[in-house]
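> give me a model of this one.
(chains A and B)
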Protein chains: 2
Amino acid sequence: MESGPPGSSRPTEPGPCLSSQQGADQAASASLQNAAAAQPGRHSLAVAAVLPAGGCGERMGVPTPKQFCPILERPLISYTLQALERVYWIKDIVVAVTGENMEVMKSIIQKYQHKRISLVEAGVTRHRSIFNGLKALAEDQLNCKPSKPEIVIIHDAVRPFVEEDTLLKVVTAAKKHGAAGAIRPLVSTVISPSADGCLDHSLERARHRASEMPQAFLFDVIYEAYQQCSDYDLEFGTECLQLALKYCCTKAKLVEGSPDLWKVTYKRDLYAVESIIKEKISQEICVVTEEDNKYVSHLLEEVLKSELNHVKVASEALCHAGRDLQQIILDQCYNFVCVNVMTSDFQETQKLLSMLEESNLSILYPVVVVSVHFLDFKLVPPSEKMESLMLIREFAKEVKKRNIWLCGLLISYPQDEQKLQESLRQGAIIIASLIKERNSGLIGQLLIA
Amino acid sequence: MESGPPGSSRPTEPGPCLSSQQGADQAASASLQNAAAAQPGRHSLAVAAVLPAGGCGERMGVPTPKQFCPILERPLISYTLQALERVYWIKDIVVAVTGENMEVMKSIIQKYQHKRISLVEAGVTRHRSIFNGLKALAEDQLNCKPSKPEIVIIHDAVRPFVEEDTLLKVVTAAKKHGAAGAIRPLVSTVISPSADGCLDHSLERARHRASEMPQAFLFDVIYEAYQQCSDYDLEFGTECLQLALKYCCTKAKLVEGSPDLWKVTYKRDLYAVESIIKEKISQEICVVTEEDNKYVSHLLEEVLKSELNHVKVASEALCHAGRDLQQIILDQCYNFVCVNVMTSDFQETQKLLSMLEESNLSILYPVVVVSVHFLDFKLVPPSEKMESLMLIREFAKEVKKRNIWLCGLLISYPQDEQKLQESLRQGAIIIASLIKERNSGLIGQLLIA
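Numbers count the residues shown, from 1 in each chain, chains lettered A, B, ... in the order given. I've put the predicted structure just below:
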């Protein structure tokens, strides 16, 4: 399987990052610092990024340009910006958008609280858009502190899963070689047609590669190349590495990228992005409960662990001022199961919802909360509690406004141990569905295991 | 948007095909008959297909070879076989599988009732697998009526969305040119690296194409090519068109294919396939009701139509021996909404379920049935009816065995017209979710609008 999508952490938050991601970030950063430190008299490289986002997505065949297509209600480009801005050593991110999309882009930046972004007007072609971005950096048109960077990364708005590791590799290689770009093996054989639409020859697959993004350049190299290049290049060219080669004799270093770098081109790619993101934010579930209910909560946790391979299940008490829970929220867990035993009220669930509402956790991704109620259906038929449990619809409607998706789940709590295991398993299957599929149509529903 | 996935109709069923697909099929077939008729003394072309399916899917990184990965619980290769077998003029389909997967493949053919399939043992490379398939056709090893075909199609097991139109185009072109293959524009620029891992040169994107599948050949041409070609070709080659060119001087005609032809390579591609199939089988909903409930049923239908753009909503009565409903089932509608008014029993729903169980509709795709109950929550609080409505879980468990996914939905039926519209809208949103997401975790649940 291609390695999972990149960490979603936002560096500007205090105490961010899942621990594994944090480790990787630190290692990567240390290595960049080392690379920079190797340069006499310098402490860090000045790195900026340019993101051409002026395309109209005609291959997608949908009216919305693909970079603005919503994935879990958030535009695709916002995921790409998130991937770049979590890399703290990228100091500026310049996005080239068409005049007609300028306001849309501004509202995206505001809504999702993106940082270090400047906007410039896109050109009519991809190369012209990139050139506009470079000019803005060179001429210090932007209100950013470092003006001209030493290294510039060029990336696509429609490659949302770029990892810090890959960015670091191309930047380090560009520092040494003047230019660098990510490549991938070819999936299909490439052929050259003759004028009559027949096969002229086919290229040996092993001797060719697909040129992907990101790419990085010494700023002076790529800026010079764009200044020198012909109108024909600006109109019809597709490859920045080629410009650096042709106009600055700079042979780019090629860096093997991950499969996640692929370019979102067709509608099926949007489907894939959505599934990858859903999978990614379903990797951790926090089971929250009162001290008294620890036993049942623990049982559920164990069944969840065995039903959901690869998913980390953590259990936290709502008590002692919820300190640990605060940490879990900061660590960006997007799935919560609140366990209630023999009660149909929502006191505990409401405490949890308040904490989530106070945090900024749900700005980027919908947070799923399942309010689980264990009831002995023999003692208390579910219908008796239905009235009070139906209140969940009102709570759900309220928190949906903050991008928190609330559902209820009644789990039968029989005396019989074997029956209990079965109803726990049923409950776990439903919880897994709600979390993995993140189906907004089910918000406020009360399900029964 | 790339055109929707191909029709799912199975030709061996009486009265098959969605009407649009049927029209296309007829036109395509007529054109093939014409092409064949143009040949003196012949009434139709003998066409067979070879499907190499011996790969282990190492790029996917999952233990199951990708052609056997389940999509809505059915292996990917079964979708590809379905796409080929619905084309009636493909007389034989030869699948090359490894010895260890032979039994798996046999059980897939049996379970999903595939027709006209023969199995041969795969070779260690793709070219060797294809060669084995061709040998079997040439040497009449198979128990199929026409032995050596005039034209052979070569396709991939992991390209499930091949359309009849494309197959027809490559077959017609192969008849004329000796060889033909589908191509697509390149998504990424292709580059050639130098020995030191730097850019040597980049290829002009407009002058190259990706070679995709299907391809078709005069049988004698491609068989000759495989017999002549070197061990090196058989071990390391990737392109059948190249073999025809090199060993038989046959210049293949290149045919523009649709984006749906892409090759399932990474895990993200499986996600995309699943989403495309879900979208495809959600294009039609049949609202079923008793004569008495026609008014409410009609209201729901109208709201469904406005909530679900592009979805065809048909309404049918369960009465008069369900003749029209039989036709809808034959026409392969995979979504049913059974409308009940002021009742919490499942008589009507059970009638529908029996009809569905008797048909073979759910062999290939899960059929979603939503048992909708309109109740006036003021007159009858939902909790009162809960006991009897909960029986849905038992029915659901039973029909799940036949791949029918049953859910319940309670819709409030207030006197107030405006409130009714709102609860209808809520109901439609939930129905849309259940149908579009086809989430098996929700089977047997009772939802409330």
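
> need the longest helix for chain A.
Taking DSSP state H as the criterion, chain A has its longest helix at helix A:417-437.

> tell me the mean pLDDT over the helix or strand following that one?
Using DSSP states H and E, the helix or strand that follows helix A:417-437 towards the C-terminus is strand A:446-448. Per-residue pLDDT values across strand A:446-448 average out to 90.

> picking that back up, what's the angle from the longest helix of chain A to helix B:417-437?
Angle, helix A:417-437 to helix B:417-437, by axes from the mean of the first three to the mean of the last three Cα atoms, to 10 degrees: 90 degrees.

> is any residue of helix A:417-437 near chain B?
Yes: using Cβ under 8 Å from any Cβ of the partner chain, helix A:417-437 reaches chain B at A:429, A:430, A:432, A:433, A:434, A:437. (Glycine included, C-beta is placed from N, CA and C.)

> most surrounded residue in those?
When neighbours are counted as other Cβ atoms under 10 Å in any protein chain shown, the busiest of the residues of helix A:417-437 next to chain B turns out to be residue A:434, with 26 neighbours.

> which parts of the stretch 251-400 of chain A sit against chain B?
Within reach of chain B by Cβ under 8 Å from any Cβ, the stretch 251-400 of chain A has these residues: A:251-254, A:259, A:262-263, A:265-269, A:271-272, A:274-276, A:381-384, A:386-387, A:390, A:393.

> OK, contacts around residue A:373?
A:340, A:341, A:343, A:344, A:385, A:389, A:408, A:409, A:410, A:411 (Cβ atoms under 8 Å, 6 or more residues apart in numbering or on different chains).

> pretty sure the last one sits in a strand.
Yes: secondary structure of residue A:411 (DSSP: H, G, I helix; E, B strand; the rest coil): part of a strand.

> average pLDDT for stretch A:400-410?
Rounded mean pLDDT across stretch A:400-410 is 96.

> now do stretch A:200-214
Taken as a whole, stretch A:200-214 has a mean pLDDT of 94.

> can you check stretch A:288-296 too?
Across stretch A:288-296, the average pLDDT comes to 86.

> straight-line length of it, end to end?
11 Å (Cα to Cα, to the nearest Å).

> next one: stretch A:440-449
Terminal-residue distance, stretch A:440-449 (Cα to Cα): 20 Å.

> identify the residues contacting it?
A:73, A:366, A:382, A:386, A:389-390, A:392-393, A:395-397, A:400, A:405-412, A:423-424, A:426-427, A:429-430, A:434, B:390, B:393, B:429-430, B:432-434, B:437, B:442, B:445-448.

> for the stretch 151-300 of chain A, what spans make up the strands?
A:151-154, A:179-185, A:189-193, A:199-202, A:209-218, A:253-256, A:284-289 (DSSP state E, counting those that start in this stretch).

> pairing partners for the longest one, with directions?
Translated: strand A:209-218. According to DSSP bridges, strand A:209-218 forms sheet pairs with strand A:151-154 (antiparallel), strand A:179-185 (antiparallel), strand B:189-193 (antiparallel).

> residue A:203 and residue B:213: what is the separation?
Using Cβ to Cβ, to the nearest Å, we find residue A:203 at a distance of 17 Å from residue B:213.

> so which of those two has more stuff around it?
Comparing residue A:203 with residue B:213 by neighbour count (other Cβ under 10 Å), the higher total belongs to residue B:213, at 25 against 19.

> residues contacting the more buried one?
B:154, B:155, B:156, B:159, B:162, B:181, B:182, B:261, B:263.

> on that earlier part again, just want the angle from the longest helix of chain A to strand A:284-289.
Counting by the same axes, to 10 degrees, helix A:417-437 lies at 130 degrees to strand A:284-289.

> all set now, cheers.
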